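Need the 3D shape of this:
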Amino acid sequence: MESELGLLEQSINSRYSLWVQEALNDLPDSFTVTDPCISGQPIVFASKGFLKMMGYSKTEVIGRNGRIFQGPGTCRRSVMEIREAIREERGIQINLVNYRRDGTPFWMLFHMCPVFSKEDGRVIHFVGVQVPILRKPRRRNGVGLVYEEESRVNESVYGSCRREVCSDSLVDLGRALSLECALDDADNRGLEIEETCEASELEKRRAASAMNNILSVLTYYSESTGRLVCGKRCNLTGVGLLSSSLNISLGRIKQSFVLTDPHLPDMPVVYASEAFFKLTGYARHEVLGHNCRFLSGEDTDSSAIYRIKESVQNEKACTVRILNYRKDKSSFWNLLHVSPIRNASGKIAYFVGVQMEEACKNQDGHGLSPEMRQLSAVGAVRIAVRSLSMGAGTSKS
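Numbering: from 1, shown residues only. Below you'll find the predicted structure:
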């Protein structure tokens, strides 16, 4: 137990200095810091504002996963979206139902951002800011959140569940897990809340402002240890933008293709296959982090580029015949198929572009038409991305 607590303390102090916790506690905001490099991604810091809002003590929160604040009214889809954001190492802002220690549910705006190492671009921590949403959702057909008038009834059930989860007793923990499984079953039978509560623009600005203040403190104190951090990934070289498991899955696909991220400025390439490097003559560091326009040249048809942009904007697939250029300036006709790639929750995570040189379209086809070979590559990418996001609950090392 002492070694585990030492690891949690070291997660914050060794990166930012011994004084960072005092500086973070001077901030009035409600937030937590978690470490994805420790198994289970535990909370390594909880602000005084967070502990006061949730009704927990520091010892009950540090070392725990954020799932202890969830309950029967927490939307499972929202939880999945948060897990996907963690897996994809990006920020997210989402409305969520959480539960205080006494079992009382409340709507909050959850704003999470990764903290990156300035040296190698790895994610060091995730910061989660919680802003209570003041408005309450309306009931529909008698179904809705349980608030003050009924919280006393549920406090004995859900409050005891929270207390058991915080207990160090393995027997109590086993009973709590059994109870949570029963609550999950009930949730699956129709307790998921349809009437959501939207955060106001003021609440969104409060969350963003709090996040900026927290990141400023972490950045400042990281300078004293020489282990600098930043709020944006500082190192775009290599394949660090994707998780290692996704890189392995994509590496098994033999066709020439690139994966681009529409959520990043200028929609850069975040993965390119070995066949793409062979086709175009570019090296990995010359491709990753750049927009695909480097393949265009003076004779590239602008109407083909427009069709690609239009399909991306409309989130639809398209196939074009476009004149592209290799690194050595030689040109080739590219049969390009572009398609959106959705994650397990149905949201677009990437766009894939599968290239096929027209002069070689009938080579090594194994009896498949060029169109079928492109579609098979798209299908393989979809499986890899969806499989990764469906398993987003596992911890990263």
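
out of everything not next to it in sequence, what's closest to residue 79?
Sequence neighbours aside, residue 70 is the residue nearest to residue 79 in space, at 6.7 Å (criterion: C-beta to C-beta, 6 or more residues apart in numbering). Bear in mind the C-beta positions are built from the backbone N, C-alpha and C, glycine included.

got the contact list for the one you found?
By C-beta atoms under 8 Å, 6 or more residues apart in numbering, the contact set of residue 70 is 79, 98, 99.

Tell me the helices and strands packed up against the helix or strand hosting the first one.
Taking DSSP states H and E as the definition, residue 79 sits inside helix 76-87. Judged by 3 or more C-beta pairs under 8 Å, 6 or more residues apart in numbering; DSSP states H and E, helix 76-87 is in contact with strand 92-99, strand 105-117, helix 370-390.

Tabulate the ones you listed (JSON lines), appending distance to residue 49, mean pLDDT and mean neighbour count.
Formatted as JSON lines, the helices and strands packed on helix 76-87 follow (distance: least, C-beta to C-beta, whole Å; pLDDT from 0 to 100; neighbours: other C-beta atoms under 10 Å):
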{"stretch": "strand 92-99", "distance to residue 49": "14", "mean pLDDT": "95", "mean neighbour count": "20"}
{"stretch": "strand 105-117", "distance to residue 49": "12", "mean pLDDT": "94", "mean neighbour count": "22"}
{"stretch": "helix 370-390", "distance to residue 49": "32", "mean pLDDT": "85", "mean neighbour count": "18"}
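
now these as CSV including distance to residue 278?
Putting these into CSV (distance: least, C-beta to C-beta, whole Å) gives the following:
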stretch, distance to residue 278
strand 92-99, 36
strand 105-117, 31
helix 370-390, 15
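
closest one to residue 291 among the ones you listed?
helix 370-390 (19.0 Å; C-beta to C-beta).

CA atoms only for that closest one, dumped as CSV, please.
Extracted in CSV, the C-alpha atoms of helix 370-390 (Å, rounded to 0.1, in the frame of the first residue of the first chain):
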residue,chain,number,x,y,z
PRO,A,370,-9.4,-2.5,-58.1
GLU,A,371,-12.6,-1.2,-56.5
MET,A,372,-13.0,-4.3,-54.3
ARG,A,373,-9.4,-4.1,-53.2
GLN,A,374,-9.8,-0.5,-52.1
LEU,A,375,-13.0,-1.3,-50.2
SER,A,376,-11.3,-4.2,-48.5
ALA,A,377,-8.6,-1.8,-47.2
VAL,A,378,-11.3,0.6,-46.0
GLY,A,379,-13.0,-2.3,-44.2
ALA,A,380,-9.8,-3.4,-42.5
VAL,A,381,-9.2,0.2,-41.3
ARG,A,382,-12.7,0.4,-39.9
ILE,A,383,-12.3,-2.8,-38.0
ALA,A,384,-9.0,-1.7,-36.5
VAL,A,385,-10.4,1.7,-35.4
ARG,A,386,-13.7,0.4,-34.0
SER,A,387,-12.0,-2.5,-32.2
LEU,A,388,-9.7,0.0,-30.6
SER,A,389,-12.5,2.4,-29.4
MET,A,390,-14.6,-0.5,-28.2
